[in-house]
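S.K.: Test case, fold it:
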Amino acid sequence: METSIPWYADENGFYSEDYFDIINIASVNEAESAQCDFLEEVLKLPKGTKILDLCCGHGRLTVPLAMRGYLMTGQDINSYFLKLAGEEAKKNGLGVNFIRGDMRNIDFTNHFDAVLNMFTSLGALESDEEDEKVLREVFKALKPGGKFIIEYVNKDFIFRHFKETDKREIPGGYVEINRKYNHLTSSHRETYDIYRNGSLVKHTELKFRFYALTELFAMLKRSGFNVLDVFGGFDHIPVTFDTKSCVIIAEKP
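M.R.: Predicted coordinates for the structure are as follows:
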């Protein structure tokens, strides 16, 4: 019997061309240079080392890191995003290796000096066990002493600023957002109704599991990692109720 496509793999759903308007990609891209600076500072790796950008999307960080001299591999499940990433790399004369694949399957062993998992990708899968498979695959793919950097939404910030409904202007229209959180499972659902020129053109949704930092630390430890540090973003500040994200630096012993 044919199964439905998971929301995170549906290229006509949330992760489609509309995604760039929904998240206001222009404002996200403004932070690109500072984020690359931060990654270089915490990784302390020489140029020419091998880095995997897991769930690389359209290559927002993969391409600029390649331009800085790192041997970048980008992996993502979304062929549309990978096409955009490949075009951007080619435009800049870069030989980035882009791979289409689920983050639970990384076809490398003891290969990378660092793995990045940015912009809150963990939590999208069907269960905690499936998310933990990702960590084990990352552990396998890293060389001993390799670093794993996770950028993840700060659960405390989300709940402090939680809105059940929201409306956001986008080019040619607006998007209406409805959110529902299940306190028993820490699972979150958002629906997006996209209107352009006064008409509803798309209804899409995402489902997510919000992890507390303590839960992520425990998952990393079970997967073999040592957690080295955590910051409340890309500027070396501590995590507080007012920091939107957490950046975890872990290491494969």
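
S.K.: Go through stretch 62-77 and flag the buried ones.
M.R.: 62-66, 70-77 (16 or more other Cβ atoms under 10 Å). To be clear about C-beta, it is placed using only N, CA and C from the backbone, and glycine gets the same treatment.

S.K.: cool, stretch 160-180 as well?
M.R.: By neighbour count on 16+ other Cβ under 10 Å, the buried set for stretch 160-180 is 170, 173, 175.

S.K.: now swap in stretch 19-34 and tell me
M.R.: If you call a residue buried by 16+ other Cβ under 10 Å, then stretch 19-34 has these buried ones: 19, 20, 21, 22.

S.K.: re the thing from before, restricted to strands, list the buried residues of stretch 62-77.
M.R.: Among the buried residues of stretch 62-77, DSSP state E puts 71, 72, 73, 74, 75, 76 in strands.

S.K.: what is the third one paired to in the beta sheet?
M.R.: With DSSP bridges applied, residue 73 shows beta-bridge pairing to residue 52, residue 97.

S.K.: Surely it touches residue 112?
M.R.: Yes. Using Cβ atoms under 8 Å, residue 73 makes contact with residue 112 at a distance of 7.5 Å.

S.K.: joint contacts of these two?
M.R.: 50, 51, 52 (Cβ atoms under 8 Å, 6 or more residues apart in numbering).

S.K.: Out of the residues you listed, which comes closest to residue 5?
M.R.: Lowest distance from residue 5 to the shared contacts of residue 73 and residue 112 (Cβ to Cβ) belongs to residue 52, with 24.7 Å.

S.K.: Enumerate every residue touching the closest one.
M.R.: Going by Cβ under 8 Å, 6+ apart, residue 52 touches 72, 73, 74, 75, 106, 108, 112, 114, 115, 116, 141.

S.K.: Show me where the stretch 1-150 of the chain has its strands.
M.R.: Assigned by DSSP state E, counting those that start in this stretch, the strands in the stretch 1-150 of the chain fall at 50-54, 71-76, 97-100, 112-117, 142-153.

S.K.: would you turn these into TSV with mean pLDDT and distance to residue 32?
M.R.: Converted to TSV, the strands of the stretch 1-150 of the chain look like this (pLDDT from 0 to 100; distance: least, Cβ to Cβ, whole Å):
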stretch	mean pLDDT	distance to residue 32
strand 50-54	98	13
strand 71-76	98	14
strand 97-100	98	18
strand 112-117	98	13
strand 142-153	97	13
